[in-house]
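>>> my questions concern the predicted model and sequence given below.
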Amino acid sequence: AQSVTQLDSHVSVSEGTPVLLRCNYSSSYSPSLFWYVQHPNKGLQLLLKYTSAATLVKGINGFEAEFKKSETSFHLTKPSAHMSDAAEYFCVCSPGTYKYIFGTGTRLKVLA
Amino acid sequence: DTGVSQDPRHKITKRGQNVTFRCDPISEHNRLYWYRQTLGQGPEFLTYFQNEAQLEKSRLLSDRFSAERPKGSFSTLEIQRTEQGDSAMYLCASSLSDVSFFGPGTRLTVL
């Protein structure tokens, strides 16, 4: 069965420092992988997606993620955090069909 | 606004009452999904429509839950005889491909 594990439920960083949100997936084959962000009282917004074309994926707002098959990881990074990045981030796996399997989320806090 | 919309945004009801939620997908999207999100958890898949056909239902969707998508456009999710455990955010999403677009959700509180 496919699953997604987000290794940190909360991450705090200072504004201007790098962000690392960790995600590991379990799948019997290469799935589609996504990162979504959820701001309070707003819908989930797609940050980026991986679909085997390139292992380093660039997304919106300066975020990027690297797919590492050997480590079954898809960690999300950003070189410099901004206050507006504070939100809940979800790693998502789509195992070749249509529905999404979500991780439990990582709440990112950005300190001034 | 051409995104996914959901109505109502908030619903408070008493245990045992029936509730119905509506989702309007992005107009050209043929796929529509319902998810449920409880506090501190990621959204969990409930059901999926392709056009008007309901192609999959999660085991999370008990007999008290029913979803429809007449004419392949908007969808409704009804919960009968609500229980306190039904309190959650109900999310709707639509897609044409592997990328889903989510609505803002309906937050249900069952007293």
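Sure thing, it's come through.
>>> any low-confidence regions in chain B?
Applying pLDDT under 70 to chain B flags the ranges B:1.
>>> contact partners for the residue nearest to the spatial centre of chain B?
Centroid-nearest residue in chain B, with C-alpha atoms, centre = their mean: B:Trp34, separated by 3.8 Å. Neighbouring residues of B:Trp34 by C-beta atoms under 8 Å, 6 or more residues apart in numbering or on different chains: B:23, B:46-48, B:67, B:75, B:77, B:90-93. Where C-beta positions appear, they are placed from N, C-alpha and C, glycine not excepted.
>>> swap in B:Asp7?
Counting by C-beta under 8 Å, 6+ apart, B:Asp7 has contacts B:21-22, B:24, B:106.
>>> out of these, flag the one nearest to A:Phe102.
B:Thr106 (17.8 Å; C-beta to C-beta).
>>> the closest one contacts B:Ser5, doesn't it?
No: in this structure, B:Thr106 is not within contact of B:Ser5 by C-beta atoms under 8 Å, at 10.6 Å.
>>> hang on, the earlier thing: next, format the contacts of B:Asp7 as TSV and append secondary structure.
Converted to TSV, the contacts of B:Asp7 look like this (DSSP: H, G, I helix; E, B strand; the rest coil):
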residue	secondary structure
B:Phe21	strand
B:Arg22	strand
B:Asp24	strand
B:Thr106	strand
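>>> what is the most widely separated pair among those?
For the contacts of B:Asp7, and using C-beta to C-beta, no pair is farther apart than B:Asp24 and B:Thr106, which are 12.2 Å apart.
>>> list residues touching both of those two?
B:6-7.
>>> more crowded one of the two?
Per other C-beta atoms under 10 Å in any protein chain shown, whichever of B:Asp24 and B:Thr106 has more neighbours is B:Thr106, with 22 against 17.
>>> whichever residue of chain A sits closest to chain B bridge partners, please.
Among the residues of chain A, A:Phe102 lies closest to chain B, at 3.1 Å counting by C-beta to the nearest C-beta. A:Phe102 has these beta-bridge partners by DSSP bridges: A:Val92.
>>> got it, and B:Ile12?
What pairs with B:Ile12, by the bridge criterion (DSSP bridges), is B:Thr109.
>>> hmm, it is touching B:Thr106, no?
No: B:Ile12 sits out of contact with B:Thr106 when judged by C-beta under 8 Å, with a separation of 11.3 Å.
>>> quick check: B:Met89 vs A:Gly43, distance?
Per C-beta to C-beta, to the nearest Å, B:Met89 is found 11 Å from A:Gly43.
>>> can you name the element that comes right after the helix or strand hosting B:Ser94?
Taking DSSP states H and E as the definition, one finds B:Ser94 inside strand B:88-95. Using DSSP H and E, the next helix or strand after strand B:88-95 towards the C-terminus is strand B:100-102.
>>> first-to-last residue distance for stretch B:23-42?
20 Å (C-alpha to C-alpha, to the nearest Å).
>>> give me the buried positions along it.
Going by neighbour count (16 or more other C-beta atoms under 10 Å in any protein chain shown), the buried part of stretch B:23-42 is B:23-26, B:29, B:31-37, B:42.
>>> output these in JSON lines, with secondary structure appended to each entry.
Shown next, in JSON lines, are those (three-state DSSP):
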{"residue": "B:Cys23", "secondary structure": "strand"}
{"residue": "B:Asp24", "secondary structure": "strand"}
{"residue": "B:Pro25", "secondary structure": "coil"}
{"residue": "B:Ile26", "secondary structure": "coil"}
{"residue": "B:His29", "secondary structure": "coil"}
{"residue": "B:Arg31", "secondary structure": "strand"}
{"residue": "B:Leu32", "secondary structure": "strand"}
{"residue": "B:Tyr33", "secondary structure": "strand"}
{"residue": "B:Trp34", "secondary structure": "strand"}
{"residue": "B:Tyr35", "secondary structure": "strand"}
{"residue": "B:Arg36", "secondary structure": "strand"}
{"residue": "B:Gln37", "secondary structure": "strand"}
{"residue": "B:Gly42", "secondary structure": "coil"}
